[in-house]
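[1] Show me the folded form of this:
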Amino acid sequence: MEPEQELSKQSKSVDCPLPSSNSPVTKQSNKSPGGSHHKPKRQDKAPYARRKIPPVRPSQAINDIYINRKTDFSVQLARSHKLLDQGCTELNIHGLGAAIHRAVNLALQLRETCSVPMEISASTSTVDLQDELEPLDDDGDYSMESRRSSSIHIRLYQTTPSTVKSDERTASS
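    Prediction:
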């Protein structure tokens, strides 16, 4: 292959037509058709450090597992298996925001690797969270800001073999 052909394959340029001086240019609006549902931006210019306050946990039972992105997935999986081996027949797995994917993955892994039949029941919700805004200089004031985040609550529970067999019989009838 010649060097010119090789160069043309590596750096292909795309011609984009530029608007001509006589073509109308429209300005796009950031507002949604039904009006703006977003909070207004902060008006003060003082720099702030955002400190995310942890959400309130509804319960702290032994079979509740709160998933986050900081803990290694294999550790979370091992802890869940340990609870099931100790005799727990039901686990409640909770995930918030970016940890939702990990919570779903954990529930599916447990269902596949568990020695007894397990069922999954999931529900989603939106959680109100608070952030504390700390000023980085002396001119600003401390303030709180609200935000919302998606969450998932997965109930992983054992099914008895007789329930599975009766379900299979009713499905085949």
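
[2] tell me the average confidence for the longest strand along the chain?
    Secondary structure assigned by DSSP state E gives strand 118-135 as the longest strand of the chain. Mean pLDDT, strand 118-135: 94.

[3] Going along the chain, name the helices of this structure.
    3-10, 73-85, 100-113, 161-172 (DSSP state H).

[4] hmm, back to that, when you compare where the longest strand of the chain runs with where helix 100-113 runs, what's the angle?
    160 degrees (axes from the mean of the first three to the mean of the last three Cα atoms, to 10 degrees).

[5] Tell me what angle strand 118-135 forms with helix 73-85.
    130 degrees.

[6] Which strands and helices lie in contact with strand 118-135?
    Helices and strands touching strand 118-135, as assessed by 3 or more Cβ pairs under 8 Å, 6 or more residues apart in numbering; DSSP states H and E, comprise strand 48-52, helix 100-113, strand 143-158. The way it works is simple: take the backbone N, C-alpha and C, and place the C-beta from them, glycine included.

[7] who's in contact with it?
    46-53, 55, 96, 104, 107-108, 110-111, 141-159 (Cβ atoms under 8 Å, 6 or more residues apart in numbering).

[8] least reliable of the helices of the chain going by mean pLDDT?
    Looking at these, the weakest mean confidence is helix 3-10, a mean of 43.

[9] hmm, back to that, can you put the helices and strands packed on strand 118-135 in TSV and add mean neighbour count and distance to E90?
    As requested, these are exported to TSV (neighbours: other Cβ atoms under 10 Å; distance: least, Cβ to Cβ, whole Å):
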stretch	mean neighbour count	distance to E90
strand 48-52	12	30
helix 100-113	17	12
strand 143-158	15	4
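
[10] so which of these gets nearest I65?
    helix 100-113 (7.7 Å; Cβ to Cβ).

[11] re the thing from before, only the buried residues of the longest strand of the chain, if you could.
    M118, L129, L133 (16 or more other Cβ atoms under 10 Å).
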